[in-house]
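S.K.: test case, fold it:
(chains A and B)
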Amino acid sequence: MYTLIVYDVEEKKVAKVNKFLKTYLNWVQNSVFEGELTDAQLNRIISWIKAHLDLEIDSVMIYTARSEKWLSKKIIGVEKNSTNNIL
Amino acid sequence: MKRSIYVNTNGRLSRKDNTIYLESETYGKKPIPVNNIQEIFLFGEVDLNTKAINFLAQNNITLHVFNYYGYYTGSFYPREHLPSGFLLVKQVEKYKDNEERLKVAKEFINSASHNILKNVKYYSNRKEGLDEYVKKIEAERENIKDVKNINELMGIEGRIRNIYYSAFEIIIDGKYDFKNRTMNPPDNPINAMISFGNSMMYSSVLSEIYNTQLNPTISYLHEPGERRFSLSLDISEIFKPIIIDRIIFTLINQRMIREEHFDQDLSMCYLNDKGRLIFEKEFDEKLKTIIKHPKLNKSVSYKRLIRLECYKLIKHIIDEEEYEGLKMWW
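M.R.: Numbering: from 1, shown residues only, chains lettered A, B, ... in the order given. Modelled structure (predicted):
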């Protein structure tokens, strides 16, 4: 499924979350990731988040769509990081 | 589904933060999510170190290298992650037994020619003068079942291909001259695209084989040679008409690719950087195309079909189910 993950966590944990998510998803903006994931991969991400973050303070939001087709995306300004696989 | 990454810029692939980074002038430092890569195609001048290669191997990512002209140079095929001694023995047994080998090889040609025929038939509904080619190919196909050895089979395959290639000019409305297939080096745009496409096909199939227990060096139609993965040539035969040839027809007929996308010299012709990008994009889209599989009763992508083909071959090798190659049903 096509997934968008947005997070707002304590400052000292920002880099840690960023590093982890980079191995699964495309880093499109500061603390915003998107890309195609399988169910298993998403579960792995969720359990990692639960294990490493303080659920009382930190916040992570996960948006999913069945396919990239069902999600419209408009970029205003600079596209900082493309999700393209042809580089 | 894991993605294929196509690198056309010059730069450096490295391991950083437990993922792969591409450093280049155009993109700066760009992280590529490692868990979502199946294979990487390298077309640009790219530096790599052992740390990166080790990391790719750990993640079972195959790496295909192409030279300046888009010619396939080789692949980094990491240590087998699904080795199976049992299957290897069976695979060799099937090769050793001439009759068994011929049976598999025939099925490859049978499916490949069926798909070729399907392509020609598709265009014969739209364009004049293709019926004659359809008949000729059908006549040649009749001979497949009576073949006694591999050489004869290769002969039939060659003849079918010749007929097929001579139909190309009609299919593309004579936009380019195309008399016959030349390689090393290709001499005109069509040959350039066929060569490039086939090597892309070959390496994609290899990546799929890597994710099964099959050994890529033991093949049935092509003689298992040294220093090459010939099983992937066998399986590519089936997919070339479905994927590569269709891409070529679309690119030309819809004028997506034009003269300016080729580097032409006296006796050679190659896709240039721009042309290659267009082709890669189309190739990637094509592999992602989803169709309904009647037998599995679910939607599968073309890429998945390649993997299913490997699975069917495995089933045949372990004597579970007779191999029946993919015949385009759509």
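
S.K.: doesn't B:Y21 lie inside a strand?
M.R.: Yes - assessed with DSSP: H, G, I helix; E, B strand; the rest coil, B:Y21 lies in a strand.

S.K.: skipping adjacent residues, who's closest to B:N143 in space?
M.R.: Counting by Cβ to Cβ, 6 or more residues apart in numbering or on different chains, B:N143 lies nearest to B:I156, which is 5.6 Å off, once chain neighbours are set aside. For glycine as for every other residue, the C-beta is placed from the backbone atoms N, C-alpha and C.

S.K.: correct me, but the one you found touches B:K145?
M.R.: No - if you go by Cβ atoms under 8 Å, B:I156 and B:K145 don't touch, sitting 10.5 Å apart.

S.K.: helix or strand: which one has the residue nearest to B:N143?
M.R.: Assigned by DSSP states H and E, B:I156 belongs to helix B:150-171.

S.K.: now check the following helix or strand past that helix, is it near chain A?
M.R.: Next helix or strand after helix B:150-171 toward the C-terminus (DSSP H and E): helix B:189-210. No - interface with chain A: helix B:189-210 contributes nothing (Cβ under 8 Å from any Cβ of the partner chain), its closest point being 12.4 Å away.

S.K.: show me the contact partners of stretch B:256-275.
M.R.: B:8, B:69-70, B:185-189, B:191-193, B:196, B:250-251, B:278-279, B:282 (Cβ atoms under 8 Å, 6 or more residues apart in numbering or on different chains).

S.K.: need the helices for chain B, in chain order.
M.R.: Taking DSSP state H to define them, one finds helices in chain B at B:50-58, B:85-96, B:98-124, B:131-142, B:150-171, B:189-210, B:230-239, B:246-253, B:273-288, B:302-317.

S.K.: how about TSV for these, with mean pLDDT added?
M.R.: Supplementary listing: these in TSV, determined by pLDDT from 0 to 100:
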stretch	mean pLDDT
helix B:50-58	89
helix B:85-96	86
helix B:98-124	86
helix B:131-142	82
helix B:150-171	84
helix B:189-210	88
helix B:230-239	88
helix B:246-253	88
helix B:273-288	88
helix B:302-317	89
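
S.K.: with mean neighbour count as added columns, please give these in CSV.
M.R.: Listed next are the helices of chain B as CSV, based on neighbours: other Cβ atoms under 10 Å in any protein chain shown:
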stretch, mean neighbour count
helix B:50-58, 15
helix B:85-96, 15
helix B:98-124, 19
helix B:131-142, 15
helix B:150-171, 18
helix B:189-210, 24
helix B:230-239, 24
helix B:246-253, 19
helix B:273-288, 18
helix B:302-317, 20
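
S.K.: so A:Y63 lies in a strand, does it not?
M.R.: Yes - according to three-state DSSP, A:Y63 belongs to a strand.

S.K.: pretty sure it contacts A:M1?
M.R.: No - in this structure, A:Y63 is not within contact of A:M1 by Cβ under 8 Å, at 10.1 Å.

S.K.: neighbour count: the two, which is higher?
M.R.: A:M1 (14 against 11; other Cβ atoms under 10 Å in any protein chain shown).

S.K.: tell me how many other residues crowd the closest residue to the more buried one other than its chain neighbours.
M.R.: Leaving aside its chain neighbours, A:M1 sits nearest to A:T64 (4.9 Å; criterion: Cβ to Cβ, 6+ apart). Look at A:T64: counted by other Cβ under 10 Å, it has 14 neighbours.

S.K.: pretty sure A:T64 is in contact with A:L42, am I right?
M.R.: Yes - counting by Cβ under 8 Å, A:L42 is a contact partner of A:T64 at 7.4 Å.

S.K.: what do these two both touch?
M.R.: Common contact partners of A:T64 and A:L42 (Cβ under 8 Å, 6+ apart): A:1, A:3.

S.K.: keeping just the C-alphas, turn the longest helix out of those in chain A into PDB.
M.R.: In chain A, taking DSSP H as the definition, the longest helix is helix A:39-52. The C-alpha trace of helix A:39-52 is given here as PDB (Å, rounded to 0.1, in the frame of the first residue of the first chain):
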ATOM      1  CA  ASP A  39       1.600  -5.000   5.200                       C
ATOM      2  CA  ALA A  40       4.500  -6.800   6.800                       C
ATOM      3  CA  GLN A  41       6.800  -3.800   6.400                       C
ATOM      4  CA  LEU A  42       4.300  -1.400   7.800                       C
ATOM      5  CA  ASN A  43       3.800  -3.700  10.800                       C
ATOM      6  CA  ARG A  44       7.500  -3.800  11.300                       C
ATOM      7  CA  ILE A  45       7.600   0.000  11.300                       C
ATOM      8  CA  ILE A  46       4.800   0.300  13.700                       C
ATOM      9  CA  SER A  47       6.300  -2.100  16.200                       C
ATOM     10  CA  TRP A  48       9.600  -0.300  15.900                       C
ATOM     11  CA  ILE A  49       7.900   3.000  16.700                       C
ATOM     12  CA  LYS A  50       6.100   1.500  19.700                       C
ATOM     13  CA  ALA A  51       9.300   0.100  21.000                       C
ATOM     14  CA  HIS A  52      11.600   3.200  20.600                       C
END
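
S.K.: residues making contact with that helix?
M.R.: In contact with helix A:39-52 (Cβ under 8 Å, 6+ apart) are residues A:1, A:3, A:5, A:13, A:16-17, A:20-21, A:24, A:37, A:60, A:62, A:64, B:35.
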